[in-house]
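Engineer: Kindly generate the corresponding structure for this input.
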Amino acid sequence: MDQSVAIQETLEREENCVIAVQCDVLFDDAEESRLLGLVESTKENAIFIYTHRRMAITADDVSLEDILPISLEFSVVEVSSPEELAVVGGDTRVRVSFQDEELELRLPFGSHSRLFLSEVNRAWSDVCKSPTQQPKFEWISKYRRASRGQGVVKQTLTPLGNTITKLNQHRKTEKSSDKKGNIDKEKASNSVTQKSKAYSSTESQAISSREDRDDLVRSSSHTPSNKSQILAMPQFGLRDNLIKCELLKNEDLYTYLEDFSIFLGTYNVNGQIPKESLRPWLSCTLNPPDIYCVGFQELDLSKEAFFFNDTPKELEWTKAVTEALHPDVKYALVKLVRLVGIMLIFYVKKEHAEFISDVEVETVGTGIMGRMGNKGAVAIRFRFHNSDICVVNSHLAAHIEEYERRNQDYRDICSRLLFRQLDPTQPPLTIMKHDVVLWIGDLNYRLSDVEVEYVKELISKKNFETLHNYDQLKRQINEKAVFVGFVEGEITFQPTYKYDTGSDMWDTSEKCRVPAWCDRILWRGKNIKQQHYQSHMALKTSDHKPVSSVLVTGIKRVNADDYKKTFEEIVRNIDKMENECIPSVTLSKQEFHFKDLKFMQHQAETLSLFNDGQVPCQFEFIQKPNEPTYCKPWLTANPPKGFIAQGGSVDIELEVFVNRSTAPDLNSGKEQIEDILVLHLERGKDYFISVAGNYMPSCYGTSIRSLCQLREPIQDMPPEVLRELVEMSGDKNAAKTEKPLDIPKELWMMVDHLFRNAIKQEDIFQQPGLRTEFAEIRDCLDTGMPDSLPGSNHSVAEALLLFLDALPEPVVPFTFYQQCLESCSSASLCEKVISMLPQCHQNVFNYLAAFLRELLKNSASNRLDINILATIFASLLLRSPTKQDLAEKRKTQEFFQHFLTQGSS
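Structural biologist: As a prediction, the model looks like this:
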């Protein structure tokens, strides 16, 4: 979750929170959690330090404690103890200094912390460029008056030099004692790593500070087993990227396969604490595995876990796992990632740790509005020797009938879970852009179209093959709806859900759920053999049984001599051709047409580039003169830039997506689906690509006033009529041909449907609908067919919210926004403001308020209250024409609450 939003709500309009990161402040005998925000104002930057009482969602969750201006007296240095350096993927420890004040922090490892530090470095570098023009930081004074206490920085720590001195002494000791002589260790001694980086230095100084390391490799560094990957780092230019392309193309010449065993485990623990040893599950193999990836779901079911960042159960279950790993070898903890109750832990044998690099973690929530983390996934990607591996642990939507929702969760995870690359100019890595993908978790697919008695009969006969035919996941894979290209081993164990807790008895509750294989393990990639796939009935803590699998995987390793020969040959060839050859590509086509585009409906076509020249080439879509970006806002090219090896090809997805910001002009005909892309080759020529299409007008993104003039569905209206309506909407004196509708008929259809069918619907406006059903609802509203709205109540509710969000002028027009804020404390003044709205806007406001009051009469069933509805709807009905701060947000909610009380009219 982006916690910079919470910080932004505490700032004045002229200030901007560039990025935020959560960290721990390290004191002599304790540590405390803080939220750091890099705040920018008039080209000056400062770090704002906040205390927080939970995962920061709004300004109510944070309190400003201290401010560190970024001036010439500021510095931040990465420091790590020997113990921390011994953990692959360890968190980042930094020492922040300002004047005579010092602060030691621990930032969670990963690309976000690295991005935060690079942004701080950028801000400091800007100060250094103009040392004579020192920033004055006058804007900070208003915040310092507001913050209470002496500030966290005043609680000073040990001198900065002590830690660095100890670290340097440790390095010298390591280097003098290292006498490893085998080939792998020789390769490791040449690795490019970073142990202590002064982020307040220039880029060149940062690079030169990297030193050799012979102990376990931190995941931000590179081992020689992946030397080709080094070339992806930002400090390398075009030539080195060309070399990188050729190295990747010729990888078979210098790599060989070696088998390693990967243990995968998944366990839905139903919010319980560890009550028994996990060894029957995690130490079930005769030989110790090389890698462990252990996933949990429903780690903590409490509401506190949903809102707060920490849960004691994380530590309890991590300790239980660590104690249960195979006892014959020692393992290093590489990384742990958690999203609410979904947790993934990654260990390797200590002897392999130096060959782990590029560790990144990401999370995706798929709960309400696609953001909440009670369902979703966590993932870890890493490079082992020369193979890229991604491990995903997911918890998909529940309930037997919701298999389509599970399919949607899977697709959302695949599309939204993106790993940043070391080179920020490169597009992020998706799950599928890895050599090996391992997917574990409570996927929640059930057995359907079968009676519970027959299921139990087949289980008692161990006839799992017949039973598997009723499995929803198998059916969905066969239909290629999910997990295309993945493999699952044969299931020879009984279903893992649902049991009475503490026993092997099937569910005896009133619901008496049908047993199901909810907990699964799948993989994708080459050279993978499954050694076992089983459940573990001995564990009885949860209503699920844990599942494990061991996959023997062929990992690419580098032969140092072959690598050197290949590298030198590539460099010679590039030297020979570089000045003689002009890059050239062949395009699959240069004209693209997108037919019948619709609001919030993704369409894509593929542009294939073939490098028919004599050298690898670099391509990029470039801006046309007097245009801010390379394409119109409804269009994207993915990737927008890249490299193509000689004789190689790349597929570029040209994607069109019309959203709330682009729909109004397309609905009115002011804009058309037309654009020209300019594809530029470095040292080569430009290619011009035409993109065109037709957009189907929609009520989504059309003004209230225009919709009230439409008695027929919008797609039945000629384009020139829609243009005239938009022109009339902007002209208050325009003659009206006939009496307009009181409210848009589309709005009436959605509200009327909800009033008749969803007044008592549990969690209405809080649970997401299906995207496929939204498309059907949108088409029904835009075409008038069918007569009644399709889809579930939740889908119709979400469609209503999207309708309000897409209005080009909100229900309360922008010109009345300030009056609403000034009137918020008085119900009579609020009603007076609404009475002054244009009639159609006034009608819509009153109609929605009356409907929401009816919902509140049934709060015992639908679990809604005034605060929830005010929070959801105030942000849609009273949108700010500019950036909205926290005080304004509260005033809009207070304003709208007056209309939700039962006495309102």
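
Engineer: measure residue 38 to residue 21 for me?
Structural biologist: Separation of residue 38 from residue 21 (C-beta to C-beta, to the nearest Å) stands at 9 Å. For every residue, glycine as well, the C-beta is placed using N, CA and C.

Engineer: Tell me where the stretch 451-600 of the chain has strands.
Structural biologist: Assigned by DSSP state E, counting those that start in this stretch, the stretch 451-600 of the chain shows strands spanning 519-524, 528-535, 547-558, 585-587, 591-597.

Engineer: Adding mean pLDDT, mean neighbour count and distance to residue 402, write those out as a markdown table.
Structural biologist: As requested, the strands of the stretch 451-600 of the chain are exported to a markdown table (pLDDT from 0 to 100; neighbours: other C-beta atoms under 10 Å; distance: least, C-beta to C-beta, whole Å):
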| stretch | mean pLDDT | mean neighbour count | distance to residue 402 |
| --- | --- | --- | --- |
| strand 519-524 | 98 | 22 | 16 |
| strand 528-535 | 97 | 16 | 23 |
| strand 547-558 | 97 | 22 | 21 |
| strand 585-587 | 95 | 15 | 43 |
| strand 591-597 | 96 | 14 | 30 |
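
Engineer: Would you tell me which of the ones you listed gets closest to residue 387?
Structural biologist: Residue 387 sits nearest to strand 547-558 of all the strands of the stretch 451-600 of the chain, at 4.7 Å, using C-beta to C-beta.

Engineer: Relative to the closest one, what are the paired strands and their orientations?
Structural biologist: Here strand 547-558 has these sheet partners by DSSP bridges: strand 255-268 (antiparallel), strand 528-535 (antiparallel).

Engineer: Check the offset of the first one from the chain's centre.
Structural biologist: In this case it means strand 255-268. 25 Å (C-alpha atoms, centre = their mean, to the nearest Å).

Engineer: Quick one: name whatever helix or strand follows that strand.
Structural biologist: For strand 255-268, the following helix or strand on the C-terminal side (DSSP states H and E) is helix 279-282.

Engineer: And that next one, what does it pack against?
Structural biologist: strand 255-268, helix 312-324 (3 or more C-beta pairs under 8 Å, 6 or more residues apart in numbering; DSSP states H and E).

Engineer: tell me which residues of that helix are tucked away?
Structural biologist: 279, 281-282 (16 or more other C-beta atoms under 10 Å).

Engineer: From those, pick the one nearest residue 702.
Structural biologist: When those are compared for distance to residue 702 (C-beta to C-beta), residue 281 wins out at 56.7 Å.

Engineer: any idea how far residue 459 is from the closest one?
Structural biologist: Residue 281 is 21 Å from residue 459, by C-beta to C-beta.

Engineer: Residue 449 too?
Structural biologist: Using C-beta to C-beta, residue 449 is found at 17 Å from residue 459.

Engineer: Just want to know which of these two has more residues nearby.
Structural biologist: Between residue 449 and residue 459, counted using other C-beta atoms under 10 Å, the more crowded position is residue 459 (15 against 8).

Engineer: Tell me the confidence at the more buried one?
Structural biologist: You'll see residue 459 listed with a pLDDT of 97.

Engineer: what does stretch 129-143 contact?
Structural biologist: 12, 14-15, 41-44, 46, 48, 64, 67, 69-72, 127 (C-beta atoms under 8 Å, 6 or more residues apart in numbering).

Engineer: one more time with 7 Å
Structural biologist: 15, 41-42, 44, 46, 64, 67, 69, 71-72, 127 (C-beta atoms under 7 Å, 6 or more residues apart in numbering).

Engineer: Those in helices, which ones?
Structural biologist: Among the contacts of stretch 129-143, DSSP state H puts residue 127 in helices.

Engineer: Buried members of the contacts of stretch 129-143 into PyMOL, please.
Structural biologist: The PyMOL selection below is limited to those of the contacts of stretch 129-143 classed as buried (16+ other C-beta under 10 Å):
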select buried, resi 15+41+44+46+64+67+69+71+127
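
Engineer: Which single one of the contacts of stretch 129-143 is nearest to residue 417?
Structural biologist: Once C-beta to C-beta is applied, the member of the contacts of stretch 129-143 that ends up nearest residue 417 is residue 15, at 31.7 Å.

Engineer: Next, that closest one: phi, psi?
Structural biologist: phi -100, psi 150 (degrees, to the nearest 10).

Engineer: ok, it - contacts?
Structural biologist: Per C-beta under 7 Å, 6+ apart, neighbours of residue 15: 39, 41, 139.

Engineer: would TSV of the residues you listed with pLDDT and distance to residue 479 be doable?
Structural biologist: Conversion of the contacts of residue 15 to TSV gives the following (pLDDT from 0 to 100; distance: C-beta to C-beta, whole Å):
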residue	pLDDT	distance to residue 479
39	95	50
41	92	54
139	91	58
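
Engineer: Many thanks, we can stop here.
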